[in-house]
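J.: Got a predicted structure here, sequence first:
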Amino acid sequence: MPWSERHRAMLREMGLRVWQPAVTFAPAPPRPRAGSETPQAVTADVPARRPTLDRDRDRDRDRDRDHDHDHDHDRLREAPPAAPSLPATAALPIDAAVVEAAAEAAEAVYRLDWPALREAVASCRACRLCEGRKQTVFGVGHEQAHWMIVGEAPGAQEDEQGEPFVGAAGQLLDAMLRALGLDRSATGDAAERVFIANTLKCRPPGNRNPQPDEMQRCEPFLVRQIQLVRPRIILAMGRFAVQALLRTSEPIGRLRGRAHRYQGVPLVVTYHPAYLLRNLPDKARAWEDLCLAAELMARNAVASAADSVIASEATDATTGAAGEERRP
């Protein structure tokens, strides 16, 4: 049955693609009647590719999209350069003195407390991103939150407000967190709060992709934030957040759905909310990732409770034995 334009419009709204032949074959020439002259040969234009090949190619492209989301950034990028394989690898050789100076600066950052760290981020001029920023985007949330969310780079609205995940993407993230009983408040029960930080603290010009040297210079700030928060679960949202924390260039589609570790802390990979706004069918997968994180938190809580009971029983046994020895 042929699809009407109304049917095709409804399917497009549902995210389904209607296949149609890309070419039209010429009809076969009529057979000559007996006794008539042999007609001139009719030549049909041979199509460059068959419709079945177009269909196979579309199916393969859809499969690749499911497993290799290369555009899960904060926003639509303008002509981004090739993504780095690892965030710590620069495109050009770096002088040994520069590397040593960067290491010394990182060690200094790792000794900062919260107020000093905020001041260091606000005054940072370690890379060229400081030249175009309106303000730095340090982070937001409870400083001892059990959950920590790591994003990519600030966008225009984040640069204006100085807070990560604002606008439509931030509203979607807040809705996802509320579904789990969480929010970004700075006060309250730490078990019901999150701390949100970005991989970069300054907005790249034109919302372009972060460069390797920018991620390398900004990394100590994120590392120190994680050290201070001491989260029990980390959600890495977006490709560059994953690269910064897991040191891998694998696509998100191949990393999500299982638990990873960052410095011993369980880490779950998921899509960036801005990507989900452009790819609504993947919202279900992102929800699965949040449920996985909640399940890991529940398991850890049970394990911690069991450890506490064992430690308490061991202490009681030791105290009882010491009391028996003191008796005459």
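T.: Sure, I can see it. Residues are numbered from 1 along each chain as shown.

J.: Strands along this protein, start to end?
T.: For the chain, the strands defined by DSSP state E cover 140-141, 147-151, 194-198, 233-237, 260-262, 265-270.

J.: The fourth one to strand 265-270, inter-axis angle?
T.: Regarding strand 233-237 and strand 265-270, their directions subtend 30 degrees when assessed with axes from the mean of the first three to the mean of the last three C-alpha atoms, to 10 degrees.

J.: For strand 233-237, the averaged confidence score.
T.: Taken as a whole, strand 233-237 has an average pLDDT of 98.

J.: packing partners for it?
T.: On a contact count with 3 or more C-beta pairs under 8 Å, 6 or more residues apart in numbering; DSSP states H and E, strand 233-237 meets strand 147-151, helix 239-246, strand 265-270, helix 283-326. Where you see a C-beta, it was placed from the backbone N, CA and C, and this is true even at glycine.

J.: Among those, single out whichever gets nearest to Arg232.
T.: If you check each of those against Arg232 by C-beta to C-beta, helix 283-326 wins as the nearest, at 6.0 Å.

J.: Spatially nearest residue to Gly181 (excluding sequence neighbours)?
T.: Closest residue to Gly181 apart from its sequence neighbours, by C-beta to C-beta, 6 or more residues apart in numbering: Glu192 at 5.8 Å.

J.: now that neighbour: how far from Arg254?
T.: From Glu192 across to Arg254, the span is 32 Å (C-beta to C-beta, to the nearest Å).

J.: Leu276 now?
T.: Taking C-beta to C-beta, one finds Leu276 at 18 Å from Arg254.

J.: With neighbour numbers in mind, choose between those two.
T.: Neighbours around Leu276 and Arg254, counted as other C-beta atoms under 10 Å, are more numerous at Leu276. The numbers are 23 against 13.

J.: List the contacts of the more buried one.
T.: Leu276 makes contact with 172, 282-283, 286, according to C-beta atoms under 8 Å, 6 or more residues apart in numbering.

J.: 10 Å - rerun?
T.: Leu276 makes contact with 72, 169, 172-173, 176, 237, 270, 282-287 under the criterion C-beta atoms under 10 Å, 6 or more residues apart in numbering.

J.: returning to what we had before: would you agree the residue nearest to Gly181 is in contact with His146?
T.: Yes - using C-beta atoms under 10 Å, Glu192 is in contact with His146, at 8.1 Å.

J.: Now do the shared contacts for these two.
T.: By C-beta under 10 Å, 6+ apart, the residues touching both Glu192 and His146 are Leu182.

J.: hmm, back to that, most widely separated two among the contacts of Leu276?
T.: Ala169 and Ala284, at 17.6 Å, using C-beta to C-beta across the contacts of Leu276.

J.: ok, those two, which is more surrounded?
T.: When neighbours are counted by other C-beta under 10 Å, Ala169 and Ala284 differ, and Ala169 comes out ahead with 23 against 9.
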